[in-house]
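Visitor: Show me the folded form of this:
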Amino acid sequence: MIEYRTAAFWRVTLALCLGSFMIFANLYVPQPLLPMLGHSFGVSTLMAGWSLTIGTLTLGLSLLFYGSLSDSVGRRWPMLISMTGATLITLMLGFIHHYPSLLLLRALQGFCLGGLPAIAIAYMGDEFSPTALTAAVGFYISANTLGGIGGRLIGGFVGESLGWAWAFRVMAMISIVCMVIFVSLLPKSQHFNAQPLNMKVMARNLLGHLSNPILIVAYLIGGFNFFIFINQYSYVTFLLSGPPHQLPASLIGLLFLTYLSGTLASALSGRIARYLPQPWVMALGILVFMAGSLVTLLPWLPTIVLGFLLNAFGFFLTHSTNSGWVSRQAPHSRASASSLYLVFYYVGASTGSLYLDPFWHWAGWDGVIGASLLVLAGTLSLSLWLAWSPRPDLQEARAIHR
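Guide: Residues are numbered from 1 along each chain as shown. Prediction:
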């Protein structure tokens, strides 16, 4: 097993973090462009938002496929093939002239983008010791945030200077460089144990995870937190592009630098979990998220930025802790357990706009925050349930499934 702080640990962690950066940069590159896309194609705020959320939806659904496939055929090749497909589609997006075609390609891209998120943590679970796994997951989630920041900055600055199409073209070129380095760094799995690709077994594993109350509560926390978090960022682009702020896409893209506080939170999550049980770390993150949401109600740009710094820190503290929690609590088929967590996570992201949009039209940003706090109160309650609930003996449960 790979131990923490060894050369192998840093090599594998760097490869997976770089792959994560590339995946999430591609996923989120349209987000600062939403007002521009709405204007260019003459579509509503909700429809413009689907250029982002259709990708998160198909990414989420694809995870069931990739997770089960990976448990059978291995970890490395499914990640490489899916990354190649995503990069080619990004390049194609730079030459689209019709909005339905853009949505179709984004849907296909989302399916391709799911390969690495579905498998990366399972790869770590196979290869890393428990201590190394906790640290590596924190770094990996940090790379998620850096990818989200990078993609949005590329979208904002390139889109503002050269147009939205060039944002996708530049993103494709960067993705090719990331893939070459990823391939050179990531070794083959050494401790992977293949399971036969059997649809009945796949269904039984998924049903087993869904019947596990500890896992289903963790899934709901991840899904509903992201349901709010990512869509707050979407609606704030419309808030900031309108009066009184009237910011251009490049400056709106800078708002996503607030993700850096999430990068810090993810890197710190493993250390914090040494002093607090993981469910309490999740609850702490949600409380910070709620506080940040309230701060954004103050009608000044600096307080909006401060609020989103708090939001990102709280959200990613919970998410990185929750990701590791799922991997450790699953008694069997950890790849499919992690994939199912991400299904809830990304389906939550893709459906949150349907919930928040009526509140946006009813009461603007105040309505978005009020609706957000209702959901976050629910996920806080779920995290406290995890903290107080008894947990089964995992060693005994894993022995049963061998």
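Visitor: gap between residue 256 and residue 361?
Guide: 24 Å (Cβ to Cβ, to the nearest Å). Bear in mind the C-beta positions are built from the backbone N, C-alpha and C, glycine included.
Visitor: Please say which of the two ends up with more neighbours.
Guide: Taking other Cβ atoms under 10 Å, residue 256 and residue 361 do not tie; residue 256 has more neighbours (24 against 11).
Visitor: Got the confidence number for the more buried one?
Guide: Looking at residue 256, its pLDDT reads 86.
Visitor: same thing with residue 166?
Guide: 95.
Visitor: Just read off the phi/psi values of residue 300.
Guide: phi -130, psi 150 (degrees, to the nearest 10).
Visitor: Count residues in the vicinity of it, would you?
Guide: When neighbours are counted by other Cβ under 10 Å, residue 300 registers 9.
Visitor: buried residues in stretch 74-81?
Guide: By neighbour count with 16 or more other Cβ atoms under 10 Å, stretch 74-81 contains the buried residues 74, 75, 76, 78, 79, 80.
Visitor: Can you say which helix or strand has residue 59 in it?
Guide: Using DSSP states H and E, the element containing residue 59 is helix 45-73.
Visitor: residues making contact with the helix or strand where residue 126 lies?
Guide: Following DSSP H and E, one finds residue 126 within helix 115-127. Helix 115-127 has contacts (Cβ atoms under 8 Å, 6 or more residues apart in numbering) with 1-2, 12, 16, 19-20, 23, 59, 62-63, 66-67, 70-71, 75-76, 78-79, 81-83, 132-133, 136-137, 140, 189-193, 323-324, 327, 334-335, 338-339, 342.
Visitor: Now list the buried members of those residues.
Guide: Among the contacts of helix 115-127, the ones that count as buried by 16+ other Cβ under 10 Å are 2, 12, 16, 19-20, 23, 59, 62-63, 66-67, 70-71, 75-76, 78-79, 82-83, 132-133, 136-137, 140, 189, 192, 323-324, 327, 334-335, 338-339, 342.
Visitor: mind listing which of those are in helices?
Guide: 12, 16, 19-20, 23, 59, 62-63, 66-67, 70-71, 76, 78-79, 82-83, 132-133, 136-137, 140, 323-324, 327, 334-335, 338-339, 342 (DSSP state H).
Visitor: I figured residue 86 was touching residue 114, is that so?
Guide: No - contact criterion Cβ atoms under 8 Å: residue 86 and residue 114 do not qualify, at 9.0 Å.
Visitor: More neighbours: which of the two?
Guide: More crowded of residue 86 and residue 114, by other Cβ under 10 Å: residue 114, with 31 against 27.
Visitor: Spatially, what comes nearest to the more buried one if we skip its sequence neighbours?
Guide: Closest residue to residue 114 apart from its sequence neighbours, by Cβ to Cβ, 6 or more residues apart in numbering: residue 62 at 3.4 Å.
Visitor: where's residue 346 relative to residue 146, distance?
Guide: Counting by Cβ to Cβ, the separation of residue 346 from residue 146 is 18 Å.
Visitor: so where is the chain shaky, pLDDT-wise?
Guide: Scanning the chain for pLDDT under 70 picks out 196-198, 331-333, 335, 390-402.
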